[in-house]
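# here is a sequence with its predicted model. Questions after.
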Amino acid sequence: MRSLRNQLVLALCVLVSVVGVVQGISSYQLSRAGMSALLDLRLEQAATRLYSSGLADSLPTIAARGSQPEGDIVVTIWKEGVTSPYRSTEPSLALPRDAEPGFATRSVNGENWRIYTLREPSMVIQVAQRSRVRHELTEARSMNTLWPMIVLVPLVWIAVLLVVRRALRRLTSLGAQVQAIDPTHFKTLSTSGVPTEIRPFIASINMMIERLAQSIETERKFIADAAHELRTPITALQLQADNLQPHIAPGNRERFGELQSGITRSGRLIAQLLRLARADAALQPDTLTRVDVSKVVVEVVAEVLPIAMKRGIDIGAEEMTSAHVRANEADIGIALRNLVSNAIRYTPDGGKVDLSVHLRDSMVWIEVVDTGPGIDEALLPRVFDRFFRANTQTEGSGLGLSIVQAIVNRYDGMASLRNRDDGQTGIVASVGFIAVP
């Protein structure tokens, strides 16, 4: 019931149902009252017609007892000075002669009767009808007034559901747009076709998106500027260290080597920050080309092959389906290079790294499978976070997979990392890009 649509539908359906029930009861009661008044009018008109037209004398003097159907009215005529009925359509029915003029309900022969008495100087005319018959007629006619309501209320329920769904369709579309927002795709929401009541809310979201985009852009520029500014002094330090190396005393060479390693790590970190800033930058359509994914895989394998051979790691490609994507070839290479470098870094000497390219669901998938130790399942959701390292014992900056995720987001692709489930330890790293002919 937290759904706004469900709440609106339920509230409107309950309201319609209450109105329908009240209307049905009102119609039923009004119909009963109207039908009863109509039957009374029938009795009164019959008595008046008998007197005014002189039809009273045309009634049979002695009618057959029990000859009238139960649904008919009964007429009894009394004359002054005569104790027995002058005329009667049902002699066995002893209507009360002393009844007051007008309408009365009396019990006669164990049954309730509705009686109309017309008193004139020369005669008394009584017209009666069984109350049971009147009740049956009234109920039958009154129930007919309920059928339209019984049919219409469910139809109104359906109409309410359709109207609410249509009214909230725009909100569903806006929700999809909000879900599509990520650090590489900041786009304000359109207010076209949005109800007036929701526009202030949409305007607030757009202001938040603009502030967030500005904040991300500021952070991106800071990272890029800082990396650029730091690259020059780090390069100078590296050159000075290389020039100083021949003059280092033998006793200080170990500590000097640690200094060089630190400078090298700093240089790598700065290079990774630059790559991350470029990956986060807005995509330029004029830089996109038709990229042969298999060719990029071969080039990356060729680059890391010397490192793999030095450690005895068997690296190769199992399945190489011919596939193409529309992207910047350098971006695809960087993403794949980071995945392969991670696989080699965490795979023990003598291990194995396999690459494959295949098509699935209009996507080109590149998989890198290693025989490393794998990652704790609890840590897998965080592997794409910036500066997060699942294994702190191995050297790294914690930015490699973040760069992969940023590149994948630029092209509306997907990236995943999972432990192998084929009985061996290791990681299956996958990136998917939209395939093009």
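All right, it came through fine.

# contacting residues for the closest residue to Asn144 other than its chain neighbours?
Take Asn144 and drop its neighbours on the chain: the residue closest to it by C-beta to C-beta, 6 or more residues apart in numbering is Ser31, 7.9 Å away. (Glycine included, C-beta is placed from N, CA and C.) Shown in contact with Ser31 (C-beta atoms under 8 Å, 6 or more residues apart in numbering): Thr138, Arg141, Ser142, Asn144, Thr145.

# buried only: go through those residues for me.
Buried members of those, counted by 16 or more other C-beta atoms under 10 Å: Thr138, Ser142, Thr145.

# and the second one, what element?
Think Ser142. Assigned by DSSP states H and E, Ser142 belongs to helix 131-144.

# which elements pack onto that helix?
With contacts taken as 3 or more C-beta pairs under 8 Å, 6 or more residues apart in numbering; DSSP states H and E, helix 131-144 sits against helix 4-52, strand 111-119.

# just give me the lowest mean pLDDT stretch among the ones you listed.
Of all those, the minimum mean pLDDT falls on helix 4-52 (a mean of 88).

# tilt between it and strand 111-119?
Going by axes from the mean of the first three to the mean of the last three C-alpha atoms, to 10 degrees, helix 4-52 is angled at 50 degrees with respect to strand 111-119.

# go ahead and measure how far helix 4-52 is from the middle of the chain.
Its chain's C-alpha centre lies 41 Å from the corresponding centre of helix 4-52 when counted by C-alpha atoms, centre = their mean, to the nearest Å.

# and the helix or strand just after that helix, what does it pack onto?
Going down the chain from helix 4-52, the next helix or strand is strand 74-79, by DSSP H and E. Contacts defined by 3+ C-beta pairs under 8 Å, 6+ apart place strand 74-79 against helix 4-52, strand 87-88, strand 123-130.

# quick one: contacts of stretch 148-155?
Val16, Ser17, Gly20, Gln23, Gly24, Ser27.

# relative to Glu219, which of the helices and strands packed on helix 131-144 is closest?
Glu219 lies closest, by C-beta to C-beta, to one member of these: helix 4-52, at 34.7 Å.

# so is Asp349 in a helix, a strand, or just coil?
Following DSSP: H, G, I helix; E, B strand; the rest coil, we place Asp349 in the coil state.

# next, work out how far apart it and Glu303 are.
Between Asp349 and Glu303 the distance is 19 Å, computed by C-beta to C-beta, to the nearest Å.

# who has more neighbours, the two?
The neighbour comparison of Asp349 against Glu303 (other C-beta atoms under 10 Å) goes to Glu303, with 13 against 8.

# wait, doesn't the more buried one sit right on Arg337?
Yes: using C-beta atoms under 8 Å, Glu303 is in contact with Arg337, at 6.9 Å.

# one step back: whatever helix or strand comes next after the helix holding Ser142: how far from the chain's middle?
Heading C-terminal from helix 131-144, the first helix or strand you meet, by DSSP H and E, is helix 147-179. Relative to the centre of its chain, helix 147-179 is centred 13 Å away, using C-alpha atoms, centre = their mean.

# Ser107 touches Trp113, doesn't it?
Yes: counting by C-beta under 8 Å, Ser107 does reach Trp113; the two are 7.5 Å apart.

# look at these two and report which has more neighbours.
Using other C-beta under 10 Å, the more surrounded residue of Ser107 and Trp113 is Trp113, with 23 against 10.

# which residues touch the more buried one?
Taking C-beta under 8 Å, 6+ apart, one finds Val74, Leu95, Thr105, Arg106, Ser107, Ala128, Gln129, Arg130, Ser131 in contact with Trp113.

# check Leu43 too.
Ile73, Phe103, Arg114, Ile115, Tyr116, Val127, Ala128, Gln129.

# of these, buried ones?
With burial judged by 16+ other C-beta under 10 Å, the buried subset of those is Ile73, Arg114, Ile115, Tyr116, Val127, Ala128, Gln129.

# by mean pLDDT, which helix or strand of the protein comes out lowest?
Across the helices and strands of the chain, mean confidence by mean pLDDT, DSSP states H and E is lowest for helix 253-280: a mean of 74.
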